[in-house]
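A.B. asks: A predicted structure for the sequence below; I have some questions about it.
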Amino acid sequence: MLVRAERLNRQFVRPIGLAFRQVVWEPPVDILETERQVIVLAALPGVSVERLEVVVEADHLILSGARTLPVELQTAVIHRLELPQGRFERRIRLPAGAYGDVHISEAEGCLLITVEKEGALGG
């Protein structure tokens with residue numbers, strides 16, 4: 001059981017850079033592409049759209065923010081805490097091309113990020 005817990009911890013908690021001392025975890029994502037868009041579905045329970053930072057930088061989409069326990073739960077006795085807490089960042093390489101508007105919404109308990117392709121028909 002300890003081996004499984006350690007494997008799960010390594011899957012979600014990864015330090016980024018030696019100089020960066022704050023632990024950063026990466027949320028799991030699904031990435032899909034249509035003629036007009038790149039669609040990213042990010043598993044970020046408890047993170048609202050307003051607290052998510054999304055930037056297109058060169059050929060990457062960068063998602064960042066923080067997931068923290070609500071204030072009213074910070075004094076609770078924790079029996080199990082499996083969802084990662086703290087600062088997260090995920091860099092996603094976009095397919096080659098030019099991109100325009102980014103739209104963020106909530107969908108089925110996940111965050112849906114849609115990046116519009118520039119020059120796409122109807123886009």
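C.D. replies: Sure thing, it's come through.

A.B. asks: low-confidence stretches in this structure?
C.D. replies: 1-21, 23, 120-123 (pLDDT under 70).

A.B. asks: show me where this protein has helices.
C.D. replies: In the chain, the helices defined using DSSP state H lie at 2-12.

A.B. asks: most centrally placed residue in it?
C.D. replies: Centroid-nearest residue in the chain: Pro27, 4.5 Å away (criterion: Cα atoms, centre = their mean).

A.B. asks: quick one: contacts for it?
C.D. replies: By Cβ atoms under 8 Å, 6 or more residues apart in numbering, the residues touching Pro27 are Ala42, Ala43, Leu44, Leu63, Pro84, Phe88, Arg90. Where C-beta positions appear, they are placed from N, C-alpha and C, glycine not excepted.

A.B. asks: buried subset of these?
C.D. replies: Ala42, Leu44, Leu63, Pro84, Phe88, Arg90 (16 or more other Cβ atoms under 10 Å).

A.B. asks: ok, the residues you listed vs Asp101, which is closest?
C.D. replies: For the buried ones among the contacts of Pro27, the residue nearest Asp101 by Cβ to Cβ is Leu63; the value is 16.1 Å.

A.B. asks: how about the closest one, nearest residue that isn't a chain neighbour?
C.D. replies: Closest residue to Leu63 apart from its sequence neighbours, by Cβ to Cβ, 6 or more residues apart in numbering: Arg90 at 4.6 Å.

A.B. asks: tell me which residues touch that neighbour, please.
C.D. replies: Residues near Arg90 by Cβ under 8 Å, 6+ apart: Glu26, Pro27, Val29, Ala42, Ile62, Leu63, Ser64.

A.B. asks: between these, which is nearest Arg51?
C.D. replies: Using Cβ to Cβ, these come closest to Arg51 at Ser64, 10.0 Å.

A.B. asks: surely the closest one touches Glu57?
C.D. replies: No - using Cβ atoms under 8 Å, Ser64 is not in contact with Glu57, being 11.2 Å away.
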